[in-house]
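Q: got a predicted structure plus its sequence, pasted below:
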Amino acid sequence: MEQLTMGKAINLGLQKALADDPKVLLMGEDIGTLGGVFRVTEGLKAEFGENRVLDTPLAESAIVGTAIGLAMRGYRPVCEIQFDGFIYPGFDQITSQLAKLTYRHEGAQAFPVVVRVPYGGHIGAVEHHQESPEAYFAHTPGLRVVSPATPQDGYWMIQQAIASNDPVMFFEPKSRYWQKGEVDREGAPAEFQASRVVRTGTDVTLVGHGAMVSALLQAADIAAEEGTSAEVVDLRSLSPIDYGPILASVQKTGRIVVAQEAPGSVSVGSEIAATVAERAFYSLEAPVLRVSGFDTPFPPAKLEGVYLPDADRILEAVDRALAY
Amino acid sequence: MSSDVALQLLTPDGTLVRNDRTSEYLPLIEALDEKRLGDFFRQMAVIRRFDVEAGNLQRQGQLALWIPSIGQEAAQVGSGYAALSQDHIFPAYREHVVGRIRGLDPMRLIEMLRGLSHGGWVPSETGNFHLYTLVIGSQSLHATGYAMGIALDGMSGTGDPEKDAAVLVYFGDGATSQGDVSEAYTFAASYQTPQVFFLQNNHWAISVPVERQSRTPLYLRGEGFGIPSLQIDGNDVLASYAATSNALMAARSGQGPRLIEALTYRMGAHTTSDDPTKYRENEQVAYWAARDPIARYETYLRSLGVGDDFFADVATEAEDLAADVRARTLTLQDPPSSKLFAHVYSEPHPLMDAQAAWLAAYEESLEGSLDQNDGGGLDEQAVGA
């Protein structure tokens, strides 16, 4: 197997999708000649031409809105939103149109549109460049929302997102773009929207998605040195959430900590906490605990280390859970 | 209100305008056969009667809302007939007659405004007449994307006018203030899409006059984006037909987008929830009543020798449609609760399955409780998938 960065793995996944299906189009700001500000689409315009990889005018609502029209025409557009904080000009087209059009058409028209969003912190960037807006979309019926945590998932999940006949919000943890991991491009991919146990343990369940998965694994390593066995679940999909592995883990450990970069109030973590409380009540030895970004705007970069949950903040919650 | 630059082929008193400017358009009118000239009138008159009936049904509690189009029939009928069968039409939500011209059963509109659907017709079965869009201006981007797709498919600018396709998108003066419309102009101009923007300036966005939307004539906005644009008398069905035909021919043949601003007037309320007496003057309504699109066209047809039989036949058709719509409305059934979940996604979704199963069990338990008083026993956890 090859070692690839997540950015390159997604690039190869996009290349495969473009090669396999002439109806797949990429569209977004700076994605063509430049290859995207993160270079995730590097080389694709040169390989497939400007009619497959479209450098668009600078207008997020139009990128999504015209992708909707292209989907009506039979295309499978993959939109790139340059940064998480720039998705809001396109929010109306995503939530009022893309998410609802299949329902409005009573199933007669599918909308296989993917919206790629580099998201999250850890890159020391200016305002609007480090946010985690995934809960807005996980709250919206009609959308599917996923976030890969590894190069392997980046390669396969982008292809599965493009193959889906439903709109998919594809949140790419941008701080992981440069992290290498093994990618098997030959074998069968994992189920698209299944969550996955990525480390087994017996004392506490740690759940997260995207860049947070590596922090959870780091916390589990440290906990192991202190004699605590942590099980880590990578959510992979935020809408729908696959609760099977989470509930099975909690039934084993009796304790669960949910971690995310996004603010905690009314978030993905909130939904998991509520559902675990409803469905695994008799297994719980401690309250479900959440670790998240604070309920503030994303701070200036020199404070992001304070804002973003890290292994220490996760372990503090683990200690509280174990104290019950 | 009036405009010196608007293209007019038929004066308000029903006289054909022959001058240097109209000479470019009159051959398109002269090419129309008697049947098609009659269709223009027939559609305008029949839809007006339908519109009145739908308004009555709303007042009688049969519809939650009605959206009248009275006064805008010429703009819509002329442009609607300019589209060829391979063209795609993206309406706003007031283009009832365009839908009818393309083959949409008006009952689909009745069902939508009764609260039975959000639209739900299949554009491929309704002459490529797409669904209504209620968020103002959103459809302009869908239309532009669709037109980009036509161009990518190589289905415009082929050199074969019978084969080339284009998109016709409707919106109003209020929509021109929405960012989406400006973004649609930008993308259309940038990608040189095969599409015609058909702007019905009916002078009112609910209670706000067009003067609040723009300090410049709206067709000039298109020019600013690099889109050749034309202002027409929107109450002149012949001008609407000829101008839209020309614009669509240019778009289909690969010359890029066009914009038409049709000056017209919403004679009635914005919707049945609106009260236009709160914000506009009777003098203005009277001005436009004197420029009624149907009356002027009837005068023109009579000048061509069309007789009473034709107009009586149209009146009968209009009454028949109104009676049929009323009868069918009174038989409409509410949708089953399973419709809630049926088409939220195109592919299976565990949350939809779980919630549909829960609701079915819940409804069954309510029926059971009436008979046996044993409601309950539902698996609450099923709701979480």
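A: Arrived safely.

Q: which stretches of the chain have low pLDDT?
A: Just going to use chain A. Scanning chain A for pLDDT under 70 picks out nothing.

Q: should've been chain B
A: Residue ranges of chain B with pLDDT under 70: B:1-2, B:368-385.

Q: residue nearest the centroid of it?
A: For chain B, B:Glu95 is the residue whose C-alpha lies nearest the centre (Cα atoms, centre = their mean; 2.0 Å).

Q: hmm, that residue is touching B:Ser69, no?
A: Yes. Applying Cβ atoms under 8 Å as the test, B:Glu95 and B:Ser69 come out as touching, 7.3 Å apart. C-beta coordinates here come from the backbone N, C-alpha and C atoms, glycine included.

Q: who touches both of the two?
A: Residues touching both B:Glu95 and B:Ser69 (Cβ atoms under 8 Å, 6 or more residues apart in numbering or on different chains): B:Gln76.

Q: what residues are up against the closest residue to B:Leu7 other than its chain neighbours?
A: Leaving out its chain neighbours, the residue that sits closest to B:Leu7 by Cβ to Cβ, 6 or more residues apart in numbering or on different chains is B:Ile232, at 4.4 Å. Going by Cβ under 8 Å, 6+ apart, B:Ile232 touches B:Ala6, B:Leu7, B:Gln8, B:Ala239, B:Ser240, B:Ala243, B:Ile260, B:Glu261, B:Ala262, B:Leu263.

Q: show me what the helix or strand encompassing B:Arg100 is packed against.
A: Using DSSP states H and E, B:Arg100 maps to helix B:96-102. Applying 3 or more Cβ pairs under 8 Å, 6 or more residues apart in numbering or on different chains; DSSP states H and E, one finds that helix B:96-102 makes contact with helix B:34-59, helix B:73-82, helix B:107-114.

Q: can you list phi and psi of B:Leu152 for me?
A: phi -60, psi -30 (degrees, to the nearest 10).

Q: what is the neighbour count of the spatially closest residue to it that is not a sequence neighbour?
A: The spatial neighbour of B:Leu152 that comes closest, neighbours along the chain excluded (Cβ to Cβ, 6+ apart), is A:Asn51 at 5.8 Å. As a burial measure, A:Asn51 scores 11 neighbours (other Cβ atoms under 10 Å in any protein chain shown).

Q: how much space separates the residue nearest to B:Leu7 from A:Pro141?
A: Distance of B:Ile232 to A:Pro141, given as Cβ to Cβ, to the nearest Å: 42 Å.

Q: got it, and B:Ala92?
A: Distance of B:Ala92 to A:Pro141, given as Cβ to Cβ: 24 Å.

Q: tell me which of these two has more neighbours.
A: Taking neighbours as other Cβ under 10 Å, B:Ala92 and A:Pro141 compare with B:Ala92 leading, 22 against 15.

Q: helix/strand/coil for the more buried one?
A: With DSSP: H, G, I helix; E, B strand; the rest coil as the basis, B:Ala92 sits in coil.

Q: report the contact partners of A:Leu206.
A: A:Leu216, A:Ala219, A:Ala220, A:Ala230, A:Glu231, A:Val232, A:Val233, A:Ile256, A:Val257, A:Ala259, A:Ile314, A:Val318.

Q: mind telling me what element the residue nearest to B:Leu152 is part of?
A: Short version, using DSSP H and E: A:Asn51 is in no helix or strand.

Q: surely it meets B:Gly154?
A: No. Counting by Cβ under 8 Å, A:Asn51 does not reach B:Gly154; the two are 10.0 Å apart.

Q: and the strands in chain A?
A: Ranges of strands in chain A, per DSSP state E, are A:2-5, A:24-28, A:53-55, A:76-80, A:114-119, A:144-146, A:168-173, A:180-183, A:196-199, A:204-208, A:230-234, A:237-239, A:256-263, A:289-293.

Q: need the winner for burial among those.
A: Comparing those by mean neighbour count (mean count of other Cβ atoms under 10 Å in any protein chain shown), strand A:204-208 comes out on top with a mean of 30.

Q: what's the local residue count around residue 306?
A: Answering for chain A, as no chain was given. A:Val306: 10 neighbours (other Cβ under 10 Å).

Q: actually it's chain B I care about, not the one you picked
A: Using other Cβ under 10 Å, B:Val306 has 16 neighbouring residues.

Q: who are the contact partners of the closest residue to it other than its chain neighbours?
A: Using Cβ to Cβ, 6+ apart and skipping the chain neighbours, the partner closest in space to B:Val306 is B:Gly38 (6.9 Å). If you count contacts by Cβ under 8 Å, 6+ apart, B:Gly38 has them with B:Leu301, B:Val306, B:Phe310.

Q: just checking, which of those belong to strands?
A: Using DSSP E, no member of the contacts of B:Gly38 sits in strands.

Q: run through the residues of the stretch 201-324 of chain A sitting next to chain B.
A: A:Pro240, A:Ile241, A:Asp242, A:Tyr243, A:Thr275, A:Glu278, A:Arg279 (Cβ under 8 Å from any Cβ of the partner chain).

Q: what about B:Gln284, which helix or strand?
A: helix B:282-289.

Q: check B:Tyr170 too.
A: Assigned by DSSP H and E, B:Tyr170 belongs to strand B:167-172.

Q: re earlier: which one of the helices and strands packed on helix B:96-102 has the most crowded surroundings?
A: Stretch with highest mean neighbour count among those: helix B:73-82 (a mean of 28; mean count of other Cβ under 10 Å).

Q: what lies in contact with that one?
A: With contact meaning Cβ under 8 Å, 6+ apart, helix B:73-82 is reached by B:36, B:39-40, B:43-44, B:47-48, B:69, B:89, B:95-98, B:101-102, B:168, B:170, B:198, B:200, B:234-245, B:247-248, B:260, B:262, B:264, B:293-294, B:297.

Q: what's the answer for stretch B:93-105, then?
A: Contacts of stretch B:93-105 with the rest of the structure, by Cβ under 8 Å, 6+ apart, involve B:43-44, B:46-47, B:50-51, B:67-69, B:72-73, B:76-77, B:79-81, B:83, B:89, B:91, B:106, B:108-109, B:121, B:125-129, B:132-134, B:170, B:172, B:200.

Q: how many neighbours does A:Phe281 have?
A: 9.

Q: nearest the geometric middle of chain A, what residue?
A: A:Ser147 (1.8 Å).

Q: which residues sit in contact with it?
A: Contact analysis of A:Ser147 by Cβ under 8 Å, 6+ apart lists A:Tyr119, A:Glu134, A:Phe170, A:Phe171, A:Glu172, A:Pro173, A:His209, A:Gly210, A:Leu235, A:Arg236, A:Ser237, A:Leu238.

Q: how much space separates the third one from A:Pro118?
A: To tie it back to what came earlier, the one meant is A:Phe170. Counting by Cβ to Cβ - A:Phe170 and A:Pro118 are separated by 10 Å.

Q: now do B:Thr271
A: Distance from B:Thr271 to A:Pro118, by Cβ to Cβ: 42 Å.

Q: and for A:Ile68?
A: Here the criterion is Cβ to Cβ. By it, A:Ile68 lies 22 Å from A:Pro118.

Q: same question for B:Phe50.
A: Noted for B:Phe50: a distance of 51 Å to A:Pro118, by Cβ to Cβ.

Q: hang on, the earlier thing: could you turn the buried ones of the contacts of helix B:73-82 into a PyMOL selection?
A: Buried residues within the contacts of helix B:73-82, by 16 or more other Cβ atoms under 10 Å in any protein chain shown, are selected in PyMOL with:
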select buried, chain B and resi 39+40+43+44+47+48+69+89+95+96+97+98+101+102+168+170+198+200+234+235+236+237+238+239+240+241+242+243+244+245+247+248+260+262+264+293+294+297
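
Q: do a quick rundown of the helices in the stretch 201-324 of chain A.
A: Using DSSP state H, counting those that start in this stretch, the helices found in the stretch 201-324 of chain A span residues A:212-225, A:244-253, A:268-279, A:304-307, A:311-322.

Q: run through the neighbouring helices and strands of the last one.
A: Contact partners of helix A:311-322 among helices and strands, from 3+ Cβ pairs under 8 Å, 6+ apart: strand A:204-208, helix A:212-225, strand A:256-263, strand A:289-293.
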